[in-house]
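**Student:** Let's see this in three dimensions:
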Amino acid sequence: MSTFTFRSVELPQDTALLHSWIATEHAAFWGMPTATETEIAAEYSSLLATEDYEVLLGLDGSGAARFLLELYNPATSPLAGAYNYVRGDRGLHFLAPASDHPQPGFTLEAMTAAVNHAFARPGIERIIVEPDLRNKAIHALNARVGFTPIRPIELAEHDGSIKQALLSICTRNDFETATGQRLESSFLSPERWDIANRHVLAKALGEFSHERLLEPADLGEGNYLVQKDGHRYLFAARQFQLNHWLVEPGSLEHQELIDGRWQPAEVDAIDFVTRFYRELTLSETQLPTYLEELSSTLSSHCYKQVHATHDSAALAQFPGTAAQSFQLVESSMTEGHPCFVANNGRMGVGRSDYLRYAPETGAALNLGWTAAHKSRAQFDSIDTLDYDSLLGSQLHAGEREQLEQALDRALFGTGYRAEDYLFIPVHPWQWENRLSITFANDIARKQLIWLGTSGDEYQAQQSIRTFFNLSDPTRHYVKTAMSILNMGFMRGLSAEYMKVTPAINQWLGELFESDPVLSTQPVALLREIAAVGYRNPQFEAATGKSAAQRKMLAALWRESPINLLEEGQTLATMASLLHVDSQGKSFAAALIRRSGLDPAHWLAQYFDAYLVPLVHCLAAYDLVFMPHGENVIMILENGAVKKVLLKDLGEEIAVLSDRVQLPEEIRRVRTGGDPVLSVFTDVFDSFFRFLAPLLDVEGILPEQDFWKIVVERLLDYRAEHPEFAQRFDELGLFEKSFPLSCLNRLQLRNNQQMLDLTDQSGGLLYAGDLENPLAFAVLAAN
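**Tutor:** The predicted structure is shown next:
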């Protein structure tokens, strides 16, 4: 194959060359067949002045210009409104001029070189082309280097005309498969790998010290040391309340003892865990899998470094529509769960899968649809909804007709009836990697039928198996099963649990509507209003209730937050408050600055919307949620929290006593446990422990003031609702200490299944007590 190099177009030197290539019938689809040299010069002068736009000449081995290549940012081009842009996309225009002496295979070689050159840019994951719909020759050429046609689109031209174009996309994997060429990683590099290792190791030192797995030696002046077997790790850190360690990644030093002298060595998180695995309570059996999860987490961090396109201040401006900014924030999170060190394991997801499905890629995808025989599938919903009305609201009429026709074709001549099947949305990865193999018996016997993909495009949320509808944001979320291992759980979805999920949500919704406090507080629910599950009798006969094979095919529909917004309001996952950009600036601080409110006032509004309703549910009903960052969405107005939306309710709420009467069908939500630990562990230790230091470090609000405001809001609730004062006092929210429940210890103990979901409180691990910052805040106030 010929070797091509590239150089930028230079004007006016290249004007005549460009004119000879573009102002021709051969290049008619470029839209300038009669242009003069002056017009060509003006056009390309404008392109060269456009930000993030490259105009290049492909040169052969002798240095002669042979073809034209333009690379641009689709997000700032006419393409922006025509498809769902993903960070890492690059637009491409290619022109090989007509020749009096055509060279066989030249155009394919040139196009291959052009796409290869585009993929060589750091962070480029997909190449986007939009040739004229009538240009059959370029469509064929595009296909030969890996482009897949997506759909026809309309694009506005610079002269005001409308171009009928064919949107086509080529991924790195597509290009490699089509051409046989291998590409370097777009985001793995020694420099980014070092940054990722420092980030993850700093977090490991902080969280393992927090959980008292490590005891760093204090060297004075904020410097610490961890040492073992001729290796020592030195670092600077600040300590905050709740035994929180904020380790500075740039301060990390690894030294190795060689010939009696300490010598500098690489900072490597995997080596560190391998070296200290016994101190971390990892068994030799668990260690390899944990290292795999850690490696995946490091790789994900490298990707996020390349694609962090908006800093915290820019995110706080909420660019675009409410739906667009919501999903931009969702995909911009650089950290997974704040407590877990190996939090982006996603075991089972390969390189191409990662780019298609990982939340941080922001990729748009089409969900799959299957038909499941009613002898094995069950649909359930809230009382005001049924199967037909749900599908009618979530599918276009034409799309539903296509699914029904696909089912009719699959059943033709089999004796089965279409009315005996239910439609189930399915994650494309799940169908390709698990269902098509594990449930082959069901497929062969027409119990389960693949129907195709959705017309709407969806984006994965921080929970990789939950999807937001990009095509119509007013439509419901869809949550699916995805049998990958991540943070100590297989991310399946239980058909057994799905049966009562809508009933649980209906009961909760009615409770919130009728409760005189909750109905007036700035809090609401995103209800899971319908669910469908599929059961395989063979696997059910062979397994226990917690087996992964029982959680392979189910789905639920959850209300969209878009429908709750008023004019001027925006959305963000609460997890985003802990997001820190590459400059060390937090999204929480950016929101406070954007709001213009006094930080104490901003926090008071936030606590009233988030913390106070949770405490009221405890005081009034012994009702607990799993209110971590991913399970809460904030409605914001000019950066200030106006309302909080609680979600993921069916699997993660519990009623901890008999004080509340429950409908018989949802009695499984009644469990044992200490109610106040849901606040101490899930809110204080797993969220506020991180948020308060971020605001302190940025000079927004001292940490002690943060906890004083928490106390003030809780005491105001008690004063405003004397009918719950006794129960509030019984909760013991101001006790001097509370047990330290350790999340990493759970994952280190068993990274296949951290907890038995039928007895979560019984499997928790504790490491002594933590001093309660509320107790000290109360003393300081008095």
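**Student:** how deep is the residue nearest to Ala98 when sequence neighbours are not counted tucked in, by neighbour count?
**Tutor:** Spatial nearest neighbour of Ala98, chain neighbours left out: His26 (3.9 Å); criterion: CB to CB, 6 or more residues apart in numbering. In this view, the C-beta of every residue, glycine as well, is placed from N, C-alpha and C. His26 has 14 neighbours, counted by other CB atoms under 10 Å.
**Student:** Please apply the same query to Ala572.
**Tutor:** 26.
**Student:** and it, that's in a strand?
**Tutor:** Yes. Using DSSP: H, G, I helix; E, B strand; the rest coil, the assignment for Ala572 is a strand.
**Student:** Find the nearest non-adjacent residue to it, please.
**Tutor:** Nearest one to Ala572, counting by CB to CB, 6+ apart, is Val329 at 4.7 Å.
**Student:** what about that neighbour, distance to Leu166?
**Tutor:** As judged by CB to CB, to the nearest Å, Val329 and Leu166 stand 32 Å apart.
**Student:** From the recorded domain assignment, give the ranges for this structure.
**Tutor:** 5-179, 190-327, 330-776 (automatic domain parsing).
**Student:** Just checking, which helix or strand of this structure averages the lowest pLDDT?
**Tutor:** The least trusted helix or strand in the chain, going by mean pLDDT, DSSP states H and E, turns out to be strand 489-490, with a mean of 70.
**Student:** need the contact list for Leu518.
**Tutor:** Residues in contact with Leu518 (CB atoms under 8 Å, 6 or more residues apart in numbering) are Leu511, Phe512, Pro613, His616, Cys617.
**Student:** Most neighbours out of those residues, which is it?
**Tutor:** Greatest neighbour count in those, by other CB under 10 Å, goes to Cys617: 26 neighbours.
**Student:** Angles on the backbone of the nearest residue to that one once chain neighbours are set aside, please.
**Tutor:** Sequence neighbours aside, Leu623 is the residue nearest to Cys617 in space, at 4.2 Å (criterion: CB to CB, 6+ apart). Torsion angles at Leu623 (phi, psi; degrees, to the nearest 10) stand at phi -100, psi 130.
**Student:** so what's Leu623 scoring on pLDDT?
**Tutor:** Confidence at Leu623, expressed as pLDDT, is 95.
**Student:** can you pull the contacts of it?
**Tutor:** Counting by CB under 8 Å, 6+ apart, Leu623 has contacts Leu511, Cys617, Ile653, Ala654, Val655, Leu656, Val660.
**Student:** Likewise for Asp682?
**Tutor:** Asp682 sits in contact with Phe625, Met626, Pro627, His628, where contact means CB under 8 Å, 6+ apart.
**Student:** For the residues you listed, which entry has the maximal number of neighbours?
**Tutor:** Pro627 (26 neighbours).
**Student:** can I assume Asn366 is in contact with Gly455?
**Tutor:** Yes. If you go by CB atoms under 8 Å, Asn366 and Gly455 touch, sitting 7.5 Å apart.
**Student:** any idea how far the residue nearest to Ala572 lies from Ser471?
**Tutor:** Distance from Val329 to Ser471, by CB to CB: 19 Å.
**Student:** When these two are compared, which one has more neighbours?
**Tutor:** For Val329 versus Ser471, neighbours defined as other CB under 10 Å are more numerous around Val329 (22 against 14).
**Student:** contacting residues for the more buried one?
**Tutor:** Here Val329 is in contact with Leu315, Phe318, Leu571, Ala572, Thr573, Ser576, Phe587 (CB under 8 Å, 6+ apart).
**Student:** Could you rerun that using 7 Å?
**Tutor:** Val329 makes contact with Leu315, Ala572, Thr573, Ser576, according to CB atoms under 7 Å, 6 or more residues apart in numbering.
**Student:** ok, those residues vs Val349, which is closest?
**Tutor:** Of all those, Thr573 has the smallest distance to Val349: 21.1 Å, by CB to CB.
**Student:** Next, the buried residues of whichever helix in the chain runs longest.
**Tutor:** For the chain, the helix with the greatest residue count under DSSP state H is helix 599-621. Neighbour-count burial for helix 599-621 flags 599, 602-621 (criterion: 16 or more other CB atoms under 10 Å).
**Student:** Just checking: what are the partner strands of the helix or strand hosting Arg232?
**Tutor:** For Arg232, the host element (DSSP states H and E) is strand 231-240. With DSSP bridges as the test, strand 231-240 is paired with strand 223-228 (antiparallel), strand 244-247 (antiparallel), strand 253-258 (antiparallel).
**Student:** outside of the helix or strand harbouring Ala588, which residues touch it?
**Tutor:** Assessed by DSSP H and E, Ala588 sits inside helix 587-595. Residues outside helix 587-595 that contact it (CB under 7 Å, 6+ apart): 312-313, 315-316, 576-577, 579, 599, 602, 636, 638-640, 691, 694-695, 698, 700.
**Student:** Kindly supply the ChimeraX command isolating those of these that are buried.
**Tutor:** Here is the ChimeraX command that selects the buried residues among these (16+ other CB under 10 Å):
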select :312,313,315,316,576,577,579,599,602,636,639,640,691,694,695,698,700
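**Student:** Okay, and which of the contacts of helix 587-595 map to helices?
**Tutor:** Per DSSP H, helices hold the following members of the contacts of helix 587-595: Ser312, Ala313, Leu315, Pro599, Trp602, Leu691, Leu694, Leu695.
**Student:** Which other helices and strands does whichever strand or helix holds Asp380 contact?
**Tutor:** Assigned by DSSP H and E, Asp380 belongs to strand 377-381. Under the contact criterion of 3 or more CB pairs under 7 Å, 6 or more residues apart in numbering; DSSP states H and E, strand 377-381 touches strand 421-426, strand 528-534.
**Student:** Quick check: next helix or strand after the longest one?
**Tutor:** By that I understand strand 528-534. Of the helices and strands lying after strand 528-534 in sequence (DSSP H and E), the nearest is helix 537-542.
**Student:** Let me see the mean pLDDT of that following helix.
**Tutor:** Rounded mean pLDDT across helix 537-542 is 92.
**Student:** can you list contacts of it?
**Tutor:** With contact meaning CB under 7 Å, 6+ apart, helix 537-542 is reached by Asn441, Gln549, Arg550.
**Student:** Could you point out the helix or strand that follows it?
**Tutor:** Using DSSP H and E, the next helix or strand after helix 537-542 towards the C-terminus is strand 554-558.
**Student:** tell me the mean pLDDT over stretch 641-656?
**Tutor:** Rounded mean pLDDT across stretch 641-656 is 93.
**Student:** Next, work out how far apart Leu71 and Val86 are.
**Tutor:** As judged by CB to CB, Leu71 and Val86 stand 16 Å apart.
**Student:** Over to Arg550?
**Tutor:** Look at Arg550 and Val86: by CB to CB, they are 34 Å apart.
**Student:** Met498 now?
**Tutor:** Met498 is 31 Å from Val86, by CB to CB.
**Student:** out of those two, which sits in the more crowded spot?
**Tutor:** Between Met498 and Val86, Met498 has the larger neighbour count (other CB under 10 Å), namely 26 against 22.
**Student:** Now do the contacts for that one.
**Tutor:** Asp380, Ala531, Val532, Gly533, Ala554, Leu556.
**Student:** got a list of what Met482 touches?
**Tutor:** Counting by CB under 7 Å, 6+ apart, Met482 has contacts His427, Trp429, Gln430, Ile464, Arg465, Arg491.
**Student:** could I have the helix or strand Thr297 falls within exported to PDB, CA atoms only?
**Tutor:** Thr297 is part of helix 287-306 when elements are defined by DSSP H and E. Only the C-alpha atoms of helix 287-306 are listed here, as PDB (Å, rounded to 0.1, in the frame of the first residue of the first chain):
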ATOM      1  CA  LEU A 287      -7.100 -10.800  44.000                       C
ATOM      2  CA  PRO A 288      -6.900 -11.400  40.200                       C
ATOM      3  CA  THR A 289     -10.400 -10.400  39.500                       C
ATOM      4  CA  TYR A 290     -10.100  -7.300  41.700                       C
ATOM      5  CA  LEU A 291      -6.900  -6.300  39.700                       C
ATOM      6  CA  GLU A 292      -8.900  -6.700  36.500                       C
ATOM      7  CA  GLU A 293     -11.600  -4.300  37.900                       C
ATOM      8  CA  LEU A 294      -8.800  -1.900  38.900                       C
ATOM      9  CA  SER A 295      -7.200  -2.000  35.400                       C
ATOM     10  CA  SER A 296     -10.600  -1.300  33.800                       C
ATOM     11  CA  THR A 297     -11.100   1.600  36.200                       C
ATOM     12  CA  LEU A 298      -7.600   3.000  35.300                       C
ATOM     13  CA  SER A 299      -8.400   2.700  31.600                       C
ATOM     14  CA  SER A 300     -11.800   4.400  32.000                       C
ATOM     15  CA  HIS A 301     -10.000   7.300  33.800                       C
ATOM     16  CA  CYS A 302      -7.600   7.700  30.800                       C
ATOM     17  CA  TYR A 303     -10.700   7.900  28.500                       C
ATOM     18  CA  LYS A 304     -12.200  10.600  30.700                       C
ATOM     19  CA  GLN A 305      -9.000  12.600  30.600                       C
ATOM     20  CA  VAL A 306      -9.200  12.900  26.800                       C
END
